[in-house]
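A.B. asks: Got a sequence here, can you model it:
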Amino acid sequence: MQVWNYIQDSKHIVRISKEVMEPFLSGEQVRVIYYYKKDIPRLRNFVKAYDKSGGYLNLYGVPVAVVNCIEEGNKVLDKCKAEGSENRVYTYSNGHELLELELETMFDVNSIMSNILQLLLLREVPILQSKTERLEYEAKHKGANNVFFAYQKAIGTYEHRVFMEVAYAYQEKFKFALTTNLEAIDGLDSNMESSNAGIWLLKCKASKDLPCDNQKYLDTIDLSAFARHVKRNSVPPVFNLPKDGKEHPYTPDLGLSVVYFYYRETTEKLVRNMIKMMTDTLGQAAWFVAVDIEKYLVQHVNYNGETPSVAVQNTDERDPVQMEDPWSDDSVFEFVLDRLDKNPRQIFKPDDSHSEKTEMSEVESSSSSDVEENMENSEDQSADEEGRISEVESQDDHVAEAVFRARKIDMDLELVPALTDKTFPTTVQDKNLVMVLFYLPFDHRSMAFLRAYGEASRKLENETIKEPLASVNCHDWTDVCGKENITLYPTIRIFKAGSVFKDYDGMLDLHEVVKTVKIMAKENPQDLSTNDDIGHFIKPDTEVDVKIIGLFDKKHSSEIKAFKSVAKSLSDKIVFGINSDGKGKEIGKSKFGCTLPCMVILKANDTIQPFTVYPAKFEENLMKSFIYTAKLPSMPELTVQVFPTLYQQNKPFAIAFLNEHSESTKLREILSEIVKKQVFPDIIIAWMTCDSHQSFGCQVLSFYEPQFSTPALSFVVLHESKVFNMKVDTISPETVQGWIQDVSDGKIPVSRSLEKKEWTPKVEGYNFLEFIDRDEKRKTRISRSKSEADIMNREGIGFDENGNEVDSEYYENLNTDSKEDEDAKLDQETRMELFKSRLYHHAEGRKHGESVKTPKDEVPIMPVEGEESELDFMEHDITGLDMEDHKYKDDIPYVPHSTDKSTSKSQKSKHEEL
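C.D. replies: Okay, the predicted model is just below:
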């Protein structure tokens, strides 16, 4: 009778007798009853957990009760007479028995709560035990509802309880389902291990095909975090002011920053495209608000009225902070990523600590205080390093950033065969020309170029050469890459007629790859045997910008040999043509003003100087050096493609920043004449487009001259870090040429000095040895604590490894209210917020059920200690709440209460009866 004394002192257990049994069971909501016969092992700890669960379950209108079968009046009850009924808990609804739950599966508050809530939401949260069942469920809700789908290692865990409590609150806005079978999560975005719990949002509402798009929940699975996550998904990710309303719904309690994009009609498309890129990349890392400043009065303190523009407001800030840099894709992404409260890379990175947290939650519920102390120490240690880790994790270069943004966009690799150890040799041997990309899937440069490589293959789809591009994943096929001696990634190796020709050394750019394939597909050098051949060759070609023609006589054997050697070595970059019998003598003299031997660089894209005649001896090194510089236009547009070649000449730059207006045209014509006359042969005269603040040219000019207007002319000496900006009232040939001459002569003062910087990491990297040492220490602590937990899970809380009950202060206090920590308090606060939400009070089709009536002289149902006022406030709304008029009929499916093999036969037989 020792346990019965505890039941009498309990706060939330209803004690009922035979006389009140019928009215107690007649309610529509689920009722839970334990039939007490005698003290049995583990019963005391079950009753403690049962009592505490009663306080929580009362919020859901589910009373927990005990019948004392020792009392004479109750002995006639069927369950009091049934053999073994003291080892089970029974559930009822509408006076009918539902399922009986084995006492050994109801060993703590989590298992009791989750089992009862699963029963309460039997239809609302189905258990789907195969991929086929999951896909059928997705098909059912396609175009109608989004679904939260959970994998639980067992029914009755803390994670299961969290999922069910949130499902109860948000079932009007989302559908919920779960599984305990790993097969059912096949195809979802997951690196799950069998020991983990996982939750996915299946985006079926907007899905046209199956399976629905899915996004894995990566935060910790506790009540406050998951409830906040579901609440975030209940509001739209993008809000339009004022179209969608006068105020956005993104309150600070949702825990995310708000990114404002300002636009007017002329800049709306830019903003919409950027928002789409942001949402595709960052997902739920932030909220996005599109503000139409022509229809909405912006009252943000820092807003300057420009569009397109962006600002970020973190949760602890009163006003959003405006981006000051000129608008561009890179500048906007960099600004937003730097400003966000939480580093998006950490949001999307798989949470390595999750499995540990899940494992520790078991230990925490039934282990010693040492575990709690170790966990606190670990959390303190993590908090100390959080800022530093964020710094290190955000050091990625622009390539890594771009790969991160594009990771959800599928690559088009249909026309790029993925070679293996079997197909690589045959492909190389069988094809006359093939370029093979050797890459690593975790290398940012490899993955950035792989995308462009696939796009290049699509552009080459209709060429005469079939599938000229292929790839080898060196992470999967290390032997193939080892035999090819691949040591740098990515490497593009060109094979011709079964042999290695050379490694591609051009830009990692789709246009350059396409151009290379087209050039190599041609005969090189081309034999120009007639004047017609020569005339056709020197005509501009739409496919290639630069061609080189060699005109020789038969006696020029050494010159011909040098020309052919250069043509072979550069045959992947330039198309060469040769006449070696003297027939080109007249064309050379009339067209180019040269005598034999003659080599001419033809530049179709150079309107100032469309050809250049080689002036030196026919030696290979001299010829290559000349070709390297002469192939560029005389006054090139300064781009990332041509800058490296120009920079290596170690000459100063005169850069014109131009737009489409007449003054820009005038400046360009003046500079073209200067170039044509070769007035300044030691100065590189180039130009950049500066037609909007978003253009690359304007961004460069704003760095040289913050308050600029176009057209503009800057003289830049990069190796001396000096910038000179032209200041003249009128633009004329005399003023421009005179100003350049004055700068060259040192007569003009420096306008700005460029800051010298090195490309070094912002902070020191990780100390991985320190991480390893700390992980080893943590594993030791977990292992020690886990062994104690194993005994408790096997023998029950309050028993030693021999099954003997332990009556110690530690076990007495294990599940008492005094043991509630900060996390438990936070969970309860979250639970109260869920119950206060409109989801409960205004859900269509719901009605208030009658409150549970307590028999006279029995202990009434009471709220959890310390929360009486809040529960009293809600009692008339929540107690006995009817969940969409629950009716438990004969078609109720079997609900497994554990994945353990210990599930009793009687439990299954009861299902068969149902």
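
A.B. asks: What residues sit buried inside stretch 260-269?
C.D. replies: Using 16 or more other C-beta atoms under 10 Å as the test for burial, stretch 260-269 gives 260-264, 267-268. To be clear about C-beta, it is placed using only N, CA and C from the backbone, and glycine gets the same treatment.

A.B. asks: Repeat that for stretch 740-752.
C.D. replies: 740, 743-744, 748, 752.

A.B. asks: Show me the buried residues of stretch 260-269 that map onto helices.
C.D. replies: Cross-referencing the buried residues of stretch 260-269 against helices under DSSP state H gives residue 268.

A.B. asks: In a helix, residue 91, correct?
C.D. replies: No - read with DSSP: H, G, I helix; E, B strand; the rest coil, residue 91 is strand and lies in no helix.

A.B. asks: Skipping adjacent residues, who's closest to it in space?
C.D. replies: Nearest residue to residue 91, sequence neighbours excluded (C-beta to C-beta, 6 or more residues apart in numbering): residue 98, at 4.4 Å.

A.B. asks: now swap in residue 492 and tell me
C.D. replies: Counting by C-beta to C-beta, 6+ apart, the residue nearest residue 492 is residue 504, at 3.8 Å.

A.B. asks: Let me know whether that neighbour touches residue 493 as I believe.
C.D. replies: Yes - with contacts counted by C-beta atoms under 8 Å, residue 504 reaches residue 493, the gap being 7.3 Å.

A.B. asks: any shared contact partners between these two?
C.D. replies: residue 435 (C-beta atoms under 8 Å, 6 or more residues apart in numbering).

A.B. asks: and stretch 18-34, how far from the chain's centre?
C.D. replies: In terms of C-alpha atoms, centre = their mean, to the nearest Å, the centre of stretch 18-34 is found 50 Å from the chain centre.

A.B. asks: And it, end to end?
C.D. replies: 13 Å (C-alpha to C-alpha, to the nearest Å).

A.B. asks: same deal with stretch 235-249?
C.D. replies: End-to-end distance (C-alpha to C-alpha), stretch 235-249: 7 Å.

A.B. asks: How is residue 148 classified with respect to secondary structure?
C.D. replies: strand.

A.B. asks: repeat for residue 416
C.D. replies: coil.

A.B. asks: I'd say it and residue 455 touch.
C.D. replies: No - counting by C-beta under 8 Å, residue 416 does not reach residue 455; the two are 10.0 Å apart.

A.B. asks: ok, residue 606 - contacts?
C.D. replies: So residue 606 contacts 633-634 (C-beta under 8 Å, 6+ apart).

A.B. asks: Which element, helix or strand, includes it?
C.D. replies: For residue 606, there is no host helix or strand (DSSP states H and E).

A.B. asks: same check, this time on residue 741
C.D. replies: helix 733-744.

A.B. asks: cool, and residue 426?
C.D. replies: helix 423-430.

A.B. asks: name the helices or strands packed onto that helix?
C.D. replies: strand 433-439 (3 or more C-beta pairs under 8 Å, 6 or more residues apart in numbering; DSSP states H and E).

A.B. asks: roughly how far out does the helix or strand that the strand it packs on is followed by sit from the chain middle?
C.D. replies: Counting by DSSP H and E, the next helix or strand C-terminal to strand 433-439 is helix 444-459. Put simply, helix 444-459 sits 20 Å off its chain's centre (C-alpha atoms, centre = their mean).

A.B. asks: Could you double-check that residue 86 sits in contact with residue 42?
C.D. replies: No - when contacts are counted by C-beta under 8 Å, residue 86 is not listed as touching residue 42 (11.2 Å).

A.B. asks: any shared contact partners between the two?
C.D. replies: Contacts common to residue 86 and residue 42, judged by C-beta under 8 Å, 6+ apart, are residue 103.

A.B. asks: Tell me how many other residues surround residue 559.
C.D. replies: 21 (other C-beta atoms under 10 Å).

A.B. asks: what about it, which helix or strand?
C.D. replies: Going by DSSP H and E, residue 559 is part of helix 557-569.

A.B. asks: what's in contact with that helix?
C.D. replies: 524-525, 548, 550, 552, 576, 578, 580, 597, 599, 618-620, 623-624, 627.

A.B. asks: Buried ones from these, can you make that a ChimeraX selection?
C.D. replies: Buried subset of these, written as a ChimeraX selection, criterion 16+ other C-beta under 10 Å:
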select :524,525,548,550,552,576,578,580,597,599,618,623,627
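
A.B. asks: Mark which of the contacts of helix 557-569 are part of strands, please.
C.D. replies: 548, 550, 576, 578, 599 (DSSP state E).

A.B. asks: Can you dump the C-alpha atoms of the helix holding residue 559 in CSV for me?
C.D. replies: What follows is helix 557-569, C-alpha atoms only, in CSV (Å, rounded to 0.1, in the frame of the first residue of the first chain):
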residue,chain,number,x,y,z
SER,A,557,61.7,26.1,-94.4
SER,A,558,62.9,27.2,-90.9
GLU,A,559,60.2,29.9,-90.7
ILE,A,560,57.5,27.4,-91.8
LYS,A,561,58.8,24.9,-89.2
ALA,A,562,58.6,27.5,-86.4
PHE,A,563,55.1,28.7,-87.5
LYS,A,564,53.7,25.1,-87.6
SER,A,565,55.2,24.4,-84.2
VAL,A,566,53.6,27.5,-82.7
ALA,A,567,50.3,26.6,-84.4
LYS,A,568,50.3,23.2,-82.9
SER,A,569,51.1,24.4,-79.4
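
A.B. asks: more crowded one of residue 416 and residue 455?
C.D. replies: Remark: of residue 416 and residue 455, residue 416 carries more neighbours, 22 against 17, as counted by other C-beta under 10 Å.

A.B. asks: Now the helix holding residue 426 - C-alpha only, PDB.
C.D. replies: C-alpha atoms of helix 423-430 as PDB (Å, rounded to 0.1, in the frame of the first residue of the first chain):
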ATOM      1  CA  THR A 423      34.500   3.600 -69.500                       C
ATOM      2  CA  PHE A 424      37.400   6.100 -69.200                       C
ATOM      3  CA  PRO A 425      40.000   4.100 -71.300                       C
ATOM      4  CA  THR A 426      37.500   3.300 -74.000                       C
ATOM      5  CA  THR A 427      36.100   6.800 -74.300                       C
ATOM      6  CA  VAL A 428      39.600   8.300 -74.700                       C
ATOM      7  CA  GLN A 429      40.600   5.700 -77.300                       C
ATOM      8  CA  ASP A 430      37.400   5.900 -79.300                       C
END
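
A.B. asks: got the contact list for residue 740?
C.D. replies: Here residue 740 is in contact with 654, 674, 680, 683, 715 (C-beta under 8 Å, 6+ apart).

A.B. asks: wait, the fourth one sits on residue 651?
C.D. replies: Yes - proximity of residue 683 to residue 651 meets the contact threshold set by C-beta under 8 Å, at 6.2 Å.
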